[in-house]
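Engineer: Predicted model and sequence follow; I will ask about them next.
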Amino acid sequence: MSARFVALVAGVGFFFLALITQGVLPFFEPSATTNHVTAVIRNDIGQLKWVETSATDYTPLENIGRHVYLREGCWYCHSQYVRPVTGETRRWGPVSEAGEYAYDVPHMFGTRRIGPDLTRVGLKYGDEWHLAHFWNPRMLTPDSVMDPYAGLFDAPSAAVKIVKDGASGNTLERNVLTEKLFDFASKEQVKITPNADGLLFVPVIAQGKYPVVFTPNNEYVGDSVKLVIETKEVQGLIAYVQKLGMNRGKWRDLFEPQQMEAVGISIPRSQQWIDYGKEVYERRCIGCHGVKGDGNGPAATFMYNQRPRNFTTGVFKFRLTEDPVPSDGDMLRTITRGVRGTAMPPWYDLPLNDRLAVIQYIKYVLAADRTDPKNPAFVFVNSPPGQPLYIPAPPPPTPALIAHGKEVWTQAKCWECHGNSGKGDGEKAAGLTDDPGFTIHPANLTSGQFKSGPAVADIYRTISTGLSGTPMPSFHDSFSDADRWALSYFILTLSAFTDPISGEPLTISAKVRDALNNPKLETPGPEQAFGLLAP
């Protein structure tokens, strides 16, 4: 018997052994067929609790995206498995559980991590970030090795002219393509903004409406644009990616690396730090915020719901200072945590020195009024941050406190913008704009994605200071501390017992709901989750 024959038999034998052990036997292992997982939910008094629950299957749209993910070979480079070691859990999130893969056939655990692991990527980035990323990853990360997936979009090669419309300003020339894409007879207008290179993204929600090419700050001065049109495939792919990890509920609201707090931090101005901050900015921030920091980077056209921050105005939404100018600590908190539900991702895994340096570059280079180029006015030099507002310890949540918060909600007329149920559909919602003139949508508070942070103190801070540059006012002088705490807790309860993706109510019995509403019930982690389902 020759060695060649033995090697051939052994090779075939090991192939079928691998097929049986990895493709057949797992289906006979009970843990491979379970859909039990531990997840974080928010209860009726605003607390976050770990519970044992069930994973849910993919929706039809998510299944379309999963098919695209498989077809395009995304799983070659991206794994989907968090191992139980410190480095993994602090970077990605909770350790993977068998029930998360109940509806993954075939599974895509993967071993190659050329790209980031995607097990916990769901809702880490906003949909608009993913749109820009799939079109061209190097828009967002210049040193990315990922190939562009422009083929998932509909991108006609011919440019489309911008024409004048006496009633609405500028619109697109009518031709075979635009007549098919838009309804020029519609009374419902949609504003779309090209980037400085003339790339114009057209989301699905804009199709079938009257297009208005909206450039209130001269974002683009050319006379024609190249259209990039969202398709069902890319819409499905984003839906699938956003689903990953979200069977674990609102776990990110308890993710320690993302819960950074800082108050009153001030780093002395240093040219060395500014120079280093410029390098960080060009590597991490330029794609959205632009070379000049004006919020008109190449990826900005994909961000049709909320434009990137224009640093040149020196106006920042999130702060804990009495004056509108934020402290270094405020900016560090925003950069570390990100802005949930938008294209601004969390940067907790970026070295601290990088985050501090980029703050110096933003403060002392970008945040300047350059109307007079020879004598620019630097916001942080002329108007240094004021004293931080004092935030007392929050009172313990109670049903009575929540009920009072609902009364304050009515008195403060929060419903006018956010709607009676908090979905962002109030009677004044449609006409709201931010300071630069772009449409701004009131937060859907039932989603549980709070831009400034998920804790009651974060909501209290936002209510107290307002959001500079937006229609969201400060209620610091209008309502007492007790009223603002009550309102903050009530806002948290608007996302109680809801699915983080769909926003739909979770199916939970009244008995279990009552148990989870017990403020004394402690569930420190997934290992101590409340037993919703019997194992």
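Structural biologist: Cool, the structure landed.

Engineer: going forward, measure contacts and count neighbours with C-alpha atoms only.
Structural biologist: Fine.

Engineer: Buried residues of the helix or strand hosting residue 511, list them for me.
Structural biologist: Using DSSP states H and E, residue 511 maps to helix 510-516. For helix 510-516, a neighbour-count test (16 or more other Cα atoms under 10 Å) marks residue 516 as buried.

Engineer: residues making contact with it?
Structural biologist: For helix 510-516, the external contacting residues (Cα atoms under 8 Å, 6 or more residues apart in numbering) are 43, 49, 521, 530, 532.

Engineer: which phi and psi does the first one have?
Structural biologist: Translated: residue 43. Dihedral pair for residue 43: phi -90, psi -170, per degrees, to the nearest 10.

Engineer: can you tell me which residues contact the residue nearest to it when sequence neighbours are not counted?
Structural biologist: With sequence-adjacent residues excluded and distances taken as Cα to Cα, 6 or more residues apart in numbering, residue 43 is closest to residue 496, at 5.0 Å. Residues counted as contacts of residue 496 (Cα under 8 Å, 6+ apart) are 41, 42, 43, 44, 46, 446.

Engineer: Could you take the residues you listed and lay them out as JSON lines, with extra columns for pLDDT and neighbour count?
Structural biologist: Output for the contacts of residue 496, formatted as JSON lines (pLDDT from 0 to 100; neighbours: other Cα atoms under 10 Å):
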{"residue": "41", "pLDDT": "96", "neighbour count": "25"}
{"residue": "42", "pLDDT": "97", "neighbour count": "24"}
{"residue": "43", "pLDDT": "96", "neighbour count": "23"}
{"residue": "44", "pLDDT": "96", "neighbour count": "25"}
{"residue": "46", "pLDDT": "95", "neighbour count": "26"}
{"residue": "446", "pLDDT": "93", "neighbour count": "24"}
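
Engineer: how about those residues in TSV, adding secondary structure and distance to residue 483?
Structural biologist: Shown next, in TSV, are these (DSSP: H, G, I helix; E, B strand; the rest coil; distance: Cα to Cα, whole Å):
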residue	secondary structure	distance to residue 483
41	strand	25
42	strand	21
43	coil	21
44	coil	18
46	coil	16
446	helix	20
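
Engineer: which among the residues you listed gets closest to residue 416?
Structural biologist: residue 446 (15.6 Å; Cα to Cα).

Engineer: Just to check, the closest one is in contact with residue 503?
Structural biologist: Yes. Using Cα atoms under 8 Å, residue 446 is in contact with residue 503, at 6.6 Å.

Engineer: Need the residues touching each of these two.
Structural biologist: The contact lists of residue 446 and residue 503 share residue 495, where a contact means Cα under 8 Å, 6+ apart.

Engineer: Show the average pLDDT along the helix holding residue 511.
Structural biologist: Confidence over helix 510-516 (mean pLDDT, whole number) is 92.

Engineer: do the same with stretch 278-297
Structural biologist: pLDDT averaged over stretch 278-297 gives 97.

Engineer: Return that stretch as PDB; C-alpha atoms alone will do.
Structural biologist: The C-alpha coordinates for stretch 278-297 follow below in PDB (Å, rounded to 0.1, in the frame of the first residue of the first chain):
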ATOM      1  CA  LYS A 278      -4.900  67.300  13.100                       C
ATOM      2  CA  GLU A 279      -3.400  63.800  12.200                       C
ATOM      3  CA  VAL A 280      -6.200  62.100  14.200                       C
ATOM      4  CA  TYR A 281      -8.800  64.300  12.600                       C
ATOM      5  CA  GLU A 282      -7.700  63.500   9.100                       C
ATOM      6  CA  ARG A 283      -7.600  59.800   9.800                       C
ATOM      7  CA  ARG A 284     -10.900  59.500  11.700                       C
ATOM      8  CA  CYS A 285     -13.100  62.600  11.300                       C
ATOM      9  CA  ILE A 286     -12.600  64.200   7.900                       C
ATOM     10  CA  GLY A 287     -14.900  61.900   6.000                       C
ATOM     11  CA  CYS A 288     -18.000  63.300   7.700                       C
ATOM     12  CA  HIS A 289     -17.000  66.700   9.100                       C
ATOM     13  CA  GLY A 290     -14.900  67.800   6.100                       C
ATOM     14  CA  VAL A 291     -11.500  69.300   5.600                       C
ATOM     15  CA  LYS A 292     -12.600  72.700   7.000                       C
ATOM     16  CA  GLY A 293     -14.700  71.200   9.800                       C
ATOM     17  CA  ASP A 294     -17.800  72.600   8.200                       C
ATOM     18  CA  GLY A 295     -19.800  69.300   8.300                       C
ATOM     19  CA  ASN A 296     -19.600  68.800   4.600                       C
ATOM     20  CA  GLY A 297     -17.200  65.900   4.200                       C
END
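
Engineer: Centre of the chain to stretch 224-232, how far?
Structural biologist: Stretch 224-232 sits 23 Å away from the centroid of its parent chain (Cα atoms, centre = their mean, to the nearest Å).

Engineer: thinking again about what came up before, among the contacts of helix 510-516, which are in strands?
Structural biologist: Residues of the contacts of helix 510-516 located in strands (DSSP state E): residue 49.

Engineer: Would you reformat the contacts of helix 510-516 as TSV and include distance to residue 463?
Structural biologist: Output for those, formatted as TSV (distance: Cα to Cα, whole Å):
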residue	distance to residue 463
43	21
49	25
521	28
530	32
532	34
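
Engineer: so which of the contacts of helix 510-516 is the most crowded?
Structural biologist: When neighbours are counted by other Cα atoms under 10 Å, residue 49 leads the contacts of helix 510-516 with 25 neighbours.

Engineer: Residue 460 is in what secondary structure piece?
Structural biologist: Using DSSP H and E, residue 460 falls in helix 456-465.

Engineer: swap that for residue 225, sorry
Structural biologist: strand 224-229.

Engineer: tell me what that strand is packed against?
Structural biologist: On a contact count with 3 or more Cα pairs under 8 Å, 6 or more residues apart in numbering; DSSP states H and E, strand 224-229 meets strand 160-165, strand 199-202.

Engineer: ok, residue 354 - contacts?
Structural biologist: If you count contacts by Cα under 8 Å, 6+ apart, residue 354 has them with 276, 277, 280.

Engineer: now the last one, what's its secondary structure?
Structural biologist: Local secondary structure at residue 280 is given as helix here, using DSSP: H, G, I helix; E, B strand; the rest coil.

Engineer: right, and it touches residue 356 too?
Structural biologist: No. Taking Cα under 8 Å as the definition, residue 280 is not a contact partner of residue 356, at 10.0 Å.
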